[in-house]
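K.L.:
I would like the atomic coordinates for the input below:
(one chain, ligands or ions: 3)
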Amino acid sequence: MNRAVPSERAAVTSDAGGKRSKTSGSVTPCHVAIIMDGNGRWAKSRGMPRVAGHHSGAKAVRRCVEAAIDQGVEWLTLFAFSSENWRRPEGEVMELTSLLKQYLRSEVAELAKQGVCFRVIGDRARFSPELRAEFDRAERETAGNRRLNLTVALSYGGRDEIVKAARAMAHAVQAGTLDAEAVDEQAFGKFLWTAAMPDPDLLIRTSGERRLSNFLLWQCAYAELIFMDVLWPDFDATHLAAALADFARRDRRYGASVG
Ligand code: IPE
Ligand code: IPE
Ligand code: MG
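P.N.:
Ligands and ions are numbered 1, 2, ... in the order given. Presented below is the predicted three-dimensional model:
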C-alpha cells in the first residue's frame, strides 16, 4: 500500500506524500500535477479548429479545479503552455494567450470565492506586460486562500527552470551570499520556481502520450505517473477519481526494499 515518505527531502517537501482519508481509509495525494494534453486532437476529431479544443480545455480546467477540491487534493499544478509551445504557429500562440487573458479575467473572482490560491510558474518575461499584470492580479487577489493551491505552468520548461536556478545560485556564490559547500538538494530547490511548493505525489498526463515533455523534471523524481487515454477537454471528476484510486493502490518505496 501507499506508504509514507522516508527520505528527508520528500518528508520536508511533500507532507508525507498524501493523507489518509478518515472515511475511506485510502490515501489522497497531497499534490497532483497534470499535463493537460489532447485539445488539438479533440477539435480535429470533431472537424473543428484547434482553438475550439483549447476553449473546451479551459472548461475542463474549471471542472478539474472543482473536482480536486471535492476530492481532497491540496495542491493542483496544471501544465498549460510549455517553453516549447512558443514554436507553434503564431496564430495558435495568439489564440492561446488571448484565451488565457480571458480565463484570468472571468475566473479569478470565482477562484477566490472557492478558496483557491492561484500561482503562476514559468518564464513570465516572455508574456506581454498586460498578461503579466493579470498574473500578478490573480495571485494578489487569491493570496492567502487555503482550500486549494492551484498553480498554472505557463511558458514553463523543466530544463529552463533548472538552468535558471543554477545560474541564480552561481550568482549568489559569486556575491558571497551562498557557500558553495552548502549547496544540496534542499538548497537547490529553493532557487526553483516551485520553491514554496511540495513535490508532486501524482503526475497525470491525458491524451495517451507517455512522456513528460519537459514538465517538472526535478520535482517529479518520485511522483507516481498515470497516463490516461482521455483527451483533455473530456476530462472530468470521474477521471480524477479513477487516477486517485489508482494512486491509492501504488506502493511508493523511494528506493527502499520491498517489505
Ligand atoms: C494541449 O493540447 C494544450 C497545449 C499544449 C497548449 P494540444 O494543443 O497539445 O493538443 P494535441 O496534443 O495537439 O492534441
Ligand atoms: C505538453 O504538451 C505541454 C502542455 C500540455 C502544455 P505538448 O503537446 O506540447 O507536448 P508534445 O509536443 O506532444 O511532447
Ligand atoms: Mg499536445
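K.L.:
where's Phe79 relative to ligand 2, distance?
P.N.:
Distance of Phe79 to ligand 2, given as Cβ to the nearest ligand atom, to the nearest Å: 4 Å. Any C-beta I mention is one placed from the backbone N, CA and C, and that applies to glycine too.
K.L.:
So that residue, which state does it fall into?
P.N.:
Of the three states, Phe79 takes strand according to DSSP: H, G, I helix; E, B strand; the rest coil.
K.L.:
Pull the contacting residues for Leu202.
P.N.:
By Cβ atoms under 8 Å, 6 or more residues apart in numbering, the contact set of Leu202 is 29, 31-33, 223-224, 226, 243-244, 247.
K.L.:
residues in contact with the nearest residue to it once chain neighbours are set aside?
P.N.:
Excluding the flanking residues, the one nearest Leu202 by Cβ to Cβ, 6 or more residues apart in numbering is Pro29, at 4.1 Å. Residues near Pro29 by Cβ under 8 Å, 6+ apart: 17-18, 73, 200-202, 224, 244, 247.
K.L.:
and Asp184, what pLDDT?
P.N.:
Looking at Asp184, its pLDDT reads 98.
K.L.:
Count the neighbours of it for me.
P.N.:
Look at Asp184: counted by other Cβ atoms under 10 Å, it has 10 neighbours.
K.L.:
same thing with Ala175?
P.N.:
Other residues near Ala175 come to 8 when the count uses other Cβ under 10 Å.
K.L.:
Tell me how far it lies from Ala168.
P.N.:
10 Å (Cβ to Cβ, to the nearest Å).
K.L.:
What count of nearby residues applies to Glu130?
P.N.:
For Glu130, using other Cβ under 10 Å, the count is 9.
K.L.:
hmm, I was thinking of His239
P.N.:
His239: 22 neighbours (other Cβ under 10 Å).
K.L.:
wait, it sits on Phe227?
P.N.:
No. Taking Cβ atoms under 8 Å as the definition, His239 is not a contact partner of Phe227, at 12.0 Å.
K.L.:
Go through the contacts of Leu202 and name the one nearest Lys190.
P.N.:
Checking the contacts of Leu202 against Lys190 with Cβ to Cβ, the nearest one is His31 at 17.3 Å.
K.L.:
Just the element for the closest residue to Asp234 other than its chain neighbours, please.
P.N.:
Closest residue to Asp234 in three dimensions, ignoring its sequence neighbours and counting by Cβ to Cβ, 6+ apart: Trp42, at 6.8 Å. Of the helices and strands defined by DSSP states H and E, Trp42 is found in helix 39-44.
K.L.:
What is the burial count for whichever residue of the stretch 101-250 of the chain sits closest to ligand 2?
P.N.:
Nearest residue of the stretch 101-250 of the chain to ligand 2, counting by Cβ to the nearest ligand atom: Ser213, 3.7 Å away. Neighbour count of Ser213, defined by other Cβ under 10 Å: 14.
K.L.:
For it, what is the enclosing helix or strand?
P.N.:
Under the criterion DSSP H and E, no helix or strand holds Ser213.
K.L.:
what sits against the nearest residue to Leu76 once chain neighbours are set aside?
P.N.:
Spatial nearest neighbour of Leu76, excluding adjacent residues (Cβ to Cβ, 6+ apart): Ala68 at 4.6 Å. By Cβ under 8 Å, 6+ apart, the contact set of Ala68 is 32, 76, 148, 150, 240.
K.L.:
Then Asp236?
P.N.:
Here Asp236 is in contact with 60, 63-64, 67 (criterion: Cβ under 8 Å, 6+ apart).
K.L.:
could you pull out the helices for the stretch 1-150 of the chain?
P.N.:
Ranges of helices in the stretch 1-150 of the chain, per DSSP state H, counting those that start in this stretch, are 8-13, 39-44, 50-70, 90-113, 129-142.
K.L.:
Kind regards, and thank you for your time.
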